[in-house]
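Student: dropping a prediction and its sequence here:
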Amino acid sequence: MARRRFEKPGGEAELDITSMLDMIFILLIFFIVSTSFIHVSGLNVSRPQASSQKVVKESKIVLIEIQPGGVIVINGRKVGLVAVRAEVEKNLAGKPDAQVVVAASPVSRAGTLVQVIDQARQAGAKKVSIATTES
Amino acid sequence: MARRHATQEGEAELDITSMLDMIFILLIFFIVTTSFVRPPGAVVEQPKAVTAHVLRSSILIAVTSSGQVWMNKEQIKLNQIPGLVEAARAQAPKGNVVIVADRRASTGLVVKVMGEAKLGGATQVSLAAKIKSVGGS
C-alpha cells in the first residue's frame, strides 16, 4: 500500500492494463464481425387501412391511377411518367394541403409505383398514400 | 544495444501507447458505424428515385420479381410477416419497416406485404429506392 500511494513522480508507477486491453480487443472484434455496411434509402409512404379508414373529402385528394399496363391516369386524363410532376403540381396549386393517393393496379410494376411517388414528391406532395384497385 | 539484450529478470518494456490509441480509434469507428440491419438475402434490382433519402435502423423485407418474399436471409410466406416484424421490433423498437421491392415486382404483392407489416405493428413503412442525383440520367 505504502509503495503505491506515495510513489514519487520520478518513480515508475505502473498500472496493469492487460485485462482492459483484452476487453477492448473483444469489443473491437465483436464490432468488426457484427458490422454490416448496409445503407438503405427509400421513400416513406402511408397506406390507408381498412380498419382506421377516415373519410377524406374527395376535394382533398389528388388521385393518381396506375393501370395494369403501366398507364398513368390523373383526373381521368392519361399522362406520361414525365408529365406526372407537372400535373400533380397543377392539381396541388388549387388545394395546397391535399393528400396524394396512388391507386395502383395489383398487376402493375413496383418500379412504376416508386417512380410515380417520386414524381409526386417532387411536385411538392407531403403525404403520399398507396392503395390498390380491384382486379 | 545493451538494453536489447535485457535478461528475463530485467524489465523489458514495450511501448504500446500508440497501438492502444489506434485500437481505440478503430473501436470507436466500429461502434459509431455499426448498424444492426439484417440483410433480407435476396437480390433485387431497386428502382431509383430523386426524393429518396437515407433511412436509419430498418427492418428489411425483400420482394423479388418472381413474387418471393425474403427476410433475414430466408424465404418467407406472407402470413409469417406479422410475427417476424413483431420480433424484429422487439429487438429494435425504433426500426421502421422498409420493403425492398424489385422494379418488376407486382404492386399487389408489395401492398400486401405492406399490410402484413402494419399488422406486425410497424408504424412507418417505406419503399426502398436508390438515390438518384438530380443531374444524372
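Tutor: Right, received. Where do you want to start?
Student: low-scoring stretches of chain A, by residue?
Tutor: A:1-12, A:47-59, A:134-135 (pLDDT under 70).
Student: show me the domain layout of it.
Tutor: Following automatic domain parsing, one gets these domains for chain A: A:2-34, A:58-132.
Student: now for those domains, which one comes closest to B:I25?
Tutor: Across the domains of chain A, B:I25 has its closest neighbour in domain A:2-34 (10.4 Å, CB to CB). Bear in mind the C-beta positions are built from the backbone N, C-alpha and C, glycine included.
Student: re the thing from before, for chain B, which of the domains of chain A is the nearest?
Tutor: Nearest to chain B among the domains of chain A is domain A:58-132; the distance by CB to the nearest CB comes to 2.5 Å.
Student: can you put the domains of chain A in CSV and add distance to chain B?
Tutor: What follows is these, written out as CSV (distance: least, CB to the nearest CB, whole Å):
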stretch, distance to chain B
domain A:2-34, 3
domain A:58-132, 3
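Student: figure out which of these is closest to B:A90.
Tutor: When the domains of chain A are ranked by distance to B:A90, counting by CB to CB, first place goes to domain A:2-34 at 18.4 Å.
Student: got the domains of chain A as a markdown table, with mean neighbour count columns?
Tutor: Putting the domains of chain A into a markdown table (neighbours: other CB atoms under 10 Å in any protein chain shown) gives the following:
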| stretch | mean neighbour count |
| --- | --- |
| domain A:2-34 | 10 |
| domain A:58-132 | 18 |
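Student: reformat those as a markdown table; add distance to B:L55.
Tutor: Shown next, in a markdown table, are the domains of chain A (distance: least, CB to CB, whole Å):
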| stretch | distance to B:L55 |
| --- | --- |
| domain A:2-34 | 20 |
| domain A:58-132 | 14 |
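Student: give me the secondary structure label for the residue lying closest to B:L27 once chain neighbours are set aside.
Tutor: Distances taken as CB to CB, 6 or more residues apart in numbering or on different chains place A:L28 nearest to B:L27, at 4.9 Å, with adjacent residues excluded. With DSSP: H, G, I helix; E, B strand; the rest coil as the basis, A:L28 sits in helix.
Student: just checking, A:L28 touches B:I25?
Tutor: No: if you go by CB atoms under 8 Å, A:L28 and B:I25 don't touch, sitting 10.4 Å apart.
Student: tell me the spacing between A:V88 and A:V128.
Tutor: Counting by CB to CB, to the nearest Å, the separation of A:V88 from A:V128 is 10 Å.
Student: contacting residues around A:Q67?
Tutor: Each residue near A:Q67 by CB atoms under 8 Å, 6 or more residues apart in numbering or on different chains is listed here: A:73, A:105, A:108.
Student: rerun that using 10 Å as the cut-off
Tutor: Taking CB atoms under 10 Å, 6 or more residues apart in numbering or on different chains as the contact definition, A:Q67 lies against A:73, A:78, A:103-105, A:107-108, A:112, A:133, A:135.
Student: A:E87 now?
Tutor: In this structure, A:E87 makes contact with A:62, A:64, A:72, A:74-75, A:77, A:79-80, A:119-120, A:123, judged by CB under 10 Å, 6+ apart.
Student: the strands in chain A, which residues?
Tutor: Remark: strands of chain A, listed N- to C-terminal, are A:40-45, A:61-66, A:72-74, A:77-79, A:99-104, A:128-132; assignment by DSSP state E.
Student: can you list the residue ranges for helices in the chain?
Tutor: Here I'm looking at chain A. Ranges of helices in chain A, per DSSP state H, are A:2-5, A:18-34, A:84-94, A:110-122.
Student: you looked at the wrong chain, it should be chain B
Tutor: Secondary structure of chain B (DSSP H): helices located at B:17-33, B:81-91, B:107-119.
Student: sounds good, over and out.
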